[in-house]
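Enquirer: Sequence and predicted model, in that order:
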Amino acid sequence: MTTPGTLAWQPDVLGPGYEALTLPMADDEEGEVVATLVRYRPDPGLRPARAVLYLHGWNDYFFQTPLAEFWHAQGAAFYALDLRKYGRSLRPHQTPNYVADLADYDEELDAAVGVIHAELGEYARIMLMGHSTGGLVAVLWADRHPGHVSGLVLNSPWLELIGSTLTRTLSMPVVNGLARTQPRAPLITSDPGFYARTLLTRHGGEWSYDEAWRPMPFFPVRPGWVQAVLNGHAAVARGLDLTCPVLMAAAARSLVLPRWREEMRRADTVLDADLLARRAVQLGEVVTVVRIPDGIHDLTLSVRPARERFYAEVARWLAAYGWE
């Protein structure tokens, strides 16, 4: 394994101020594996004692530059991790987004934390932030690594299936059977692409991104990956024991429907936000739940008043609990 000191930062696709570092991981059954750490460093002379490490969601990668700018304004160094087989880390020989165990991501999370401490010092405080599936990965990693981060900021974390425990329990036997026999076989799913429609500029949204890395509606869903996610949901449902403070923010309402409505531009069209709020209180001793009016699934990509409200709530939470 290449050590952090021997790796080289390169200019990133996001432009000036952004750099990327390829992190070699152990090979898996498909061959070479890498993860990619992105940093926002508009002023190379600064060396903050605080840092944020961001984890993207499924069918996603880091492109949310206003998020990096927000954390920079809070006095924190900003890093984002494109997990293995996602975004910058996806290689032609790989099954996109695929992993059979969410704990596999420990390797790149451990490596990213090592790089941050190598750059900012052994005692630098790290805040872990996760969106959607990245939020699930974040809470499970933090539960296995107590004391490694100062806090968790969760943006619509995928803590449970729509339909709650009953849906998950009924799904598990079927998914487990397919995961044993055909773990990478694409599942038949139906998604009309409503979430992407709320985001992309050509559909009336405000954002653009690399659709080779984040296709519409999404990369195929596979049984082995679904089993990994369901196992993560089951662990959350049993209750975690996070010792650091947690902020869980989600939309004020959800609209998961088969037909398009314009109101979907101001609601979570992916997950049940009420259910996320109920699951969040099982994460640890100090959990703050915030609901954002007019927020969508990724609160940082919501309409301007909603995303500004989200950032304001994060800043308020930081004043009370951050960096302790």
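Expert: Perfect, I can see it now.

Enquirer: from here on, contacts and neighbour counts on C-alpha atoms
Expert: Noted.

Enquirer: Lowest mean pLDDT among the helices and strands, pick that one out for the protein.
Expert: Least confident element among the helices and strands of the chain, by mean pLDDT, DSSP states H and E: helix 164-181 (a mean of 63).

Enquirer: name the element residue 93 belongs to?
Expert: Using DSSP states H and E, residue 93 sits within no helix or strand.

Enquirer: ok, now which ones touch it?
Expert: Shown in contact with residue 93 (C-alpha atoms under 8 Å, 6 or more residues apart in numbering): 30-31.

Enquirer: so what's the backbone phi/psi at it?
Expert: Backbone torsions for residue 93, taken as degrees, to the nearest 10, come to phi -80, psi 0.

Enquirer: same question, residue 59
Expert: phi 50, psi 50.

Enquirer: for residue 274, same thing?
Expert: Torsion angles, degrees, to the nearest 10, at residue 274: phi -60, psi -40.

Enquirer: next SSE after the least confident helix or strand of the chain?
Expert: Remark: after helix 164-181, the chain's next helix or strand is helix 194-199, criterion DSSP H and E.

Enquirer: what does that next one contact?
Expert: Helix 194-199 is touched from outside by 203-208, 216-217, 260, 264-265, 269-270, 301, with contacts defined as C-alpha under 8 Å, 6+ apart.

Enquirer: can you check stretch 143-151 too?
Expert: With contact meaning C-alpha under 8 Å, 6+ apart, stretch 143-151 is reached by 125-128, 142, 240-246, 321-324.

Enquirer: Check stretch 72-83 too.
Expert: Residues from elsewhere that reach stretch 72-83 (C-alpha under 8 Å, 6+ apart): 35-41, 47-56, 61-62, 68, 71, 88-89, 105, 108-109, 112, 315.

Enquirer: redo that, cut-off 7 Å
Expert: 35-40, 48, 50-55, 61-62, 68, 71, 88-89 (C-alpha atoms under 7 Å, 6 or more residues apart in numbering).

Enquirer: Just give me how far that stretch sits from the chain centre.
Expert: Its chain's C-alpha centre and that of stretch 72-83 lie 13 Å apart, by C-alpha atoms, centre = their mean, to the nearest Å.

Enquirer: Show me which residues of it are buried.
Expert: With burial defined by 16 or more other C-alpha atoms under 10 Å, the residues of stretch 72-83 counted as buried are 72, 76-83.

Enquirer: Tell me which entries of the residues you listed lie within strands.
Expert: With strands defined by DSSP state E, the entries of the buried residues of stretch 72-83 inside them are 77-82.

Enquirer: Among those residues, which one sits closest to residue 100?
Expert: Set against residue 100, the nearest of those by C-alpha to C-alpha is residue 82 (17.2 Å).

Enquirer: and that closest one, how far is that from residue 313?
Expert: 25 Å (C-alpha to C-alpha, to the nearest Å).

Enquirer: Residue 243 now?
Expert: When residue 243 is compared with residue 313 (using C-alpha to C-alpha), they lie 21 Å apart.

Enquirer: Return the residues in contact with residue 102.
Expert: For residue 102, the contact set (C-alpha under 7 Å, 6+ apart) comprises 137, 228.

Enquirer: Same question for residue 138.
Expert: For residue 138, counting by C-alpha under 7 Å, 6+ apart, the contacting residues are 128, 130.

Enquirer: Local confidence estimate at it?
Expert: Residue 138 is assigned a predicted lDDT (pLDDT) of 98.

Enquirer: The one 5 residues further on now?
Expert: The score at residue 143 is 98. That number is its pLDDT.

Enquirer: For it, what is the enclosing helix or strand?
Expert: Under the assignment here (DSSP H and E), residue 143 is part of helix 133-144.

Enquirer: what angle do that helix and strand 77-82 make?
Expert: Counting by axes from the mean of the first three to the mean of the last three C-alpha atoms, to 10 degrees, helix 133-144 lies at 110 degrees to strand 77-82.

Enquirer: begin at 403 from here
Expert: From this message on, residue numbering opens at 403, which makes the last subject helix 535-546.

Enquirer: and the next element down the chain from helix 535-546?
Expert: With elements assigned by DSSP H and E, the helix or strand that comes after helix 535-546 is strand 553-557.

Enquirer: Listing partners with orientation, what would you give for that next one?
Expert: strand 527-533 (parallel), strand 648-653 (parallel) (DSSP bridges).

Enquirer: for those, which one ends up most surrounded?
Expert: strand 648-653 (a mean of 27; mean count of other C-alpha atoms under 10 Å).

Enquirer: what's the offset of that one from the middle of its chain?
Expert: 13 Å.

Enquirer: Need the CA coordinates for it. CSV is fine.
Expert: What follows is strand 648-653, C-alpha atoms only, in CSV (Å, rounded to 0.1, in the frame of the first residue of the first chain):
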residue,chain,number,x,y,z
VAL,A,648,-24.9,14.3,15.7
LEU,A,649,-26.9,16.7,13.5
MET,A,650,-29.4,15.0,11.3
ALA,A,651,-31.1,17.3,8.8
ALA,A,652,-33.8,16.2,6.4
ALA,A,653,-36.5,17.7,4.3
